[in-house]
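# Sequence first, predicted model second:
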Amino acid sequence: MPDNLSQPILEVKDLKKHYPVIKGFSRRLVGFTKAVDGISFAVPAGQTLGLVGESGCGKSTAGHCIMRGIEPTSGQVIFYDRTRGPVDVVQASPDMLRHLRLNMQMVFQDPSSSLNPRMTLLDIVSEPLIVNNVARGKELQDRVADLLRVVGLLPEHMHRFPHAFSGGQRQRIAVARSLALRPQFIIADEPVSALDVSIQAQTLNLLQDLQEQFDLSYLFISHDLSVVEHVSDIVAVMYVGKLVEMAETETLYHNPLHPYTEALLSSVPNPDPDAVKNRIVLVGEVPSSSKPPSGCYFHPRCRYAKPECSQEAPALREVAPGHVVACHFAETLALRGVTAVRI
Ligand code: SF4
């Protein structure tokens, strides 16, 4: 865990989500799919931590475990609630969980499927206010109108249904709903992946403006490194359920220490047509988390692998203040960051 962080809003400690693998008529337990396998990180208050990795690496499962949408197998998720102080979300009672969810909200990937098509904007955005007994009647309508204005939508459209809006506007509706209870912390799970590129930038700028305006902290989950670079203060990279590297954004993008991070960064698009094309193509498939390779999980695809890599799993260790990495040879490899790739 980096030790140069400001006061955290959320600390995740050794979080695990293992699914049992059952086989045969006798329903024999034959192993576990380790979707999330002991990850630890902290989100500083008022900042954004970007969680990146390929599809299936466990980043969304981690997000749902933090919200207790999925029950974690073990670990701690300490949330610094503005009224109750530090609370372990994993151990929280149903009453406490209900309270915590006022302060912890989630924005999902595809606004088309996360918004009920039979509900108007007024119904959608006001629902958390009604359920939590925050406002009624005229006050409720005024609160919804304010929220729509905050996310750049017109209050006079509150009686329309989601299908009357574009993808970007629908994501704004989802953001308005997540803000209804004035949360401290939002998990944004691939919030712009389903949007056109031109709309992505608007949505990211909106999230950043709202962060400043409401002093929000974000856990921003994405497979897109260019998007994560734009919004994150700290970036954590996941591979097959584990964290393999974490550092402040600039450090990680310009001085990666894990070969997997280097490969991901080499795929960040470069607008310069004269840039040297130095893309690292990873060979082979992402291993299954129910049958990961021995030693370092990345060794079958790593171009720097040595014999010991397949025998001994590298521990996640701090190699510079705030920079942690899980690679036996982090100090000796000369890896390329985005600057070098963009020469
Ligand atoms: Fe590659 Fe070995 Fe480092 Fe794993 S430990 S990332 S296989 S060099």
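Nice, thanks for sending it over.

# of all the residues in the protein, which ones are close to the ligand?
Contact residues, the chain versus the ligand (Cβ under 6 Å from any ligand atom): 258-259, 296, 298-299, 302, 304-305, 309, 314, 327-329. Every C-beta, even on glycine, is put in place using the N, C-alpha and C of the backbone.

# Including pLDDT, could these go into JSON lines?
Shown next, in JSON lines, are the residues of the chain next to the ligand (pLDDT from 0 to 100):
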{"residue": "His258", "pLDDT": "97"}
{"residue": "Pro259", "pLDDT": "96"}
{"residue": "Cys296", "pLDDT": "96"}
{"residue": "Phe298", "pLDDT": "95"}
{"residue": "His299", "pLDDT": "94"}
{"residue": "Cys302", "pLDDT": "94"}
{"residue": "Tyr304", "pLDDT": "95"}
{"residue": "Ala305", "pLDDT": "94"}
{"residue": "Cys309", "pLDDT": "96"}
{"residue": "Pro314", "pLDDT": "96"}
{"residue": "Cys327", "pLDDT": "97"}
{"residue": "His328", "pLDDT": "96"}
{"residue": "Phe329", "pLDDT": "95"}
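
# For those residues, I'd like a selection string for PyMOL - just the buried members, please.
In PyMOL syntax, the buried subset of the residues of the chain next to the ligand is picked out as below (16 or more other Cβ atoms under 10 Å):
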select buried, resi 258+259+296+298+299+302+305+309+314+327+328+329
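
# Adding secondary structure as columns, could you present the residues of the chain next to the ligand in a markdown table?
Output for those, formatted as a markdown table (DSSP: H, G, I helix; E, B strand; the rest coil):
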| residue | secondary structure |
| --- | --- |
| His258 | coil |
| Pro259 | helix |
| Cys296 | coil |
| Phe298 | coil |
| His299 | helix |
| Cys302 | coil |
| Tyr304 | coil |
| Ala305 | coil |
| Cys309 | helix |
| Pro314 | coil |
| Cys327 | coil |
| His328 | coil |
| Phe329 | coil |
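
# quick check, nearest of the residues of the chain next to the ligand to His157?
Nearest to His157 among those: His258, at 46.3 Å, using Cβ to Cβ.

# Done for today, thanks.
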